[in-house]
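Engineer: Please find the sequence and the predicted model below.
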Amino acid sequence: MQRLNRNFFTRDVLIVAPQLLGKYIVRRFSDGTTRHYLITETEAYRGEEDKACHARKGKTPRTRVMYGEGGLVYVYLVYGIHWMLNIVTGDENHPQAALIRSIKNIEGPGRVTRHLYIDKAFYGEDLTGSTRLWLEEGIRPPHYTAGPRIGIEYAGDKWKNKPWRFKTDKPD
DNA sequence: CCAGTGATCAGG
DNA sequence: CTGATCACTGGA
């Protein structure tokens, strides 16, 4: 299979997030085994003006990687328990990322990272060069539905209602 | 419905 | 330094 290259990631998150559906996350574990996971749900977080995006507070130690170029990994801990896996998108200094909410048979961003053994050690990982985590072309582009993002009540009406969550339709 | 759990960040 | 907050999950 073909690894997704830099050009795939350095586009606007509103293009990349839905296009991640039907692609494979590939994880090579320390024991040498490699597994593929089909992406089935993503969310877009877009720029400092997006009141739901962590970059709304500007560049901080945590959000720094989002200011890098597309294709890097943004991982953070939420509620002291769950690691969230995000793919940085867009050009340098355009802080954006796509949250991986679900992979086939595993719904929920915290469950995804638990199954893939992903934590802060992957912060800043380059998906175009890593030997333990990357993305590959997958099945034909699936039909999908867009809806509001989850868990961002704090963002206010304008931003919490944007249909920036993308989910593969049932049969797929 | 709600508690758990700890990194992160704004404010003193 | 302190305290509030949090892109969630699992178990009443």
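Structural biologist: Received, thanks. Numbering: from 1, shown residues only, chains lettered A, B, ... in the order given.
Engineer: Tell me the residues on chain A that lie near DNA strand C, please.
Structural biologist: A:43, A:45, A:52-55, A:74, A:78-82, A:84, A:86, A:97, A:99, A:108-112, A:149-152, A:154 (Cβ under 7 Å from any atom of the strand). Using the backbone N, CA and C atoms, a C-beta is placed for each residue, glycine as well.
Engineer: Can you select the buried ones among the residues you listed for me in PyMOL?
Structural biologist: In PyMOL syntax, the buried subset of these is picked out as below (16 or more other Cβ atoms under 10 Å):
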select buried, chain A and resi 43+45+52+53+54+55+74+84+86+97+99+109+110+112+149+152
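Engineer: which stretches of chain A have low pLDDT?
Structural biologist: By pLDDT under 70, the low-scoring segments of chain A are A:171-172.
Engineer: redo that, cut-off 90
Structural biologist: A:1, A:139, A:170-172 (pLDDT under 90).
Engineer: Which residue does it have closest to DNA strand C?
Structural biologist: Using Cβ to the nearest atom of the strand, the closest approach of chain A to DNA strand C is made by residue A:151 at 1.8 Å.
Engineer: by contact count, what packs against the lengthiest strand in chain A?
Structural biologist: Longest strand in chain A by number of residues, with DSSP state E as the criterion: strand A:34-46. For strand A:34-46, the contact count by 3 or more Cβ pairs under 8 Å, 6 or more residues apart in numbering; DSSP states H and E identifies helix A:13-19, strand A:24-28, strand A:96-103, strand A:106-107, helix A:109-116, strand A:165-168 as packing neighbours.
Engineer: ok, whichever helix or strand comes after that strand: who's next to it in the sheet?
Structural biologist: Moving toward the C-terminus from strand A:34-46, the next helix or strand (DSSP states H and E) is strand A:73-78. According to DSSP bridges, strand A:73-78 has the following sheet partners: strand A:82-88 (antiparallel).
Engineer: Just want the phi and psi numbers for the most far-flung residue of chain A relative to its centre.
Structural biologist: For chain A, the C-alpha farthest from the mean C-alpha position belongs to residue A:31; by Cα atoms, centre = their mean, that distance is 25.0 Å. Note on residue A:31: its backbone torsions stand at phi -80, psi 0 [degrees, to the nearest 10].
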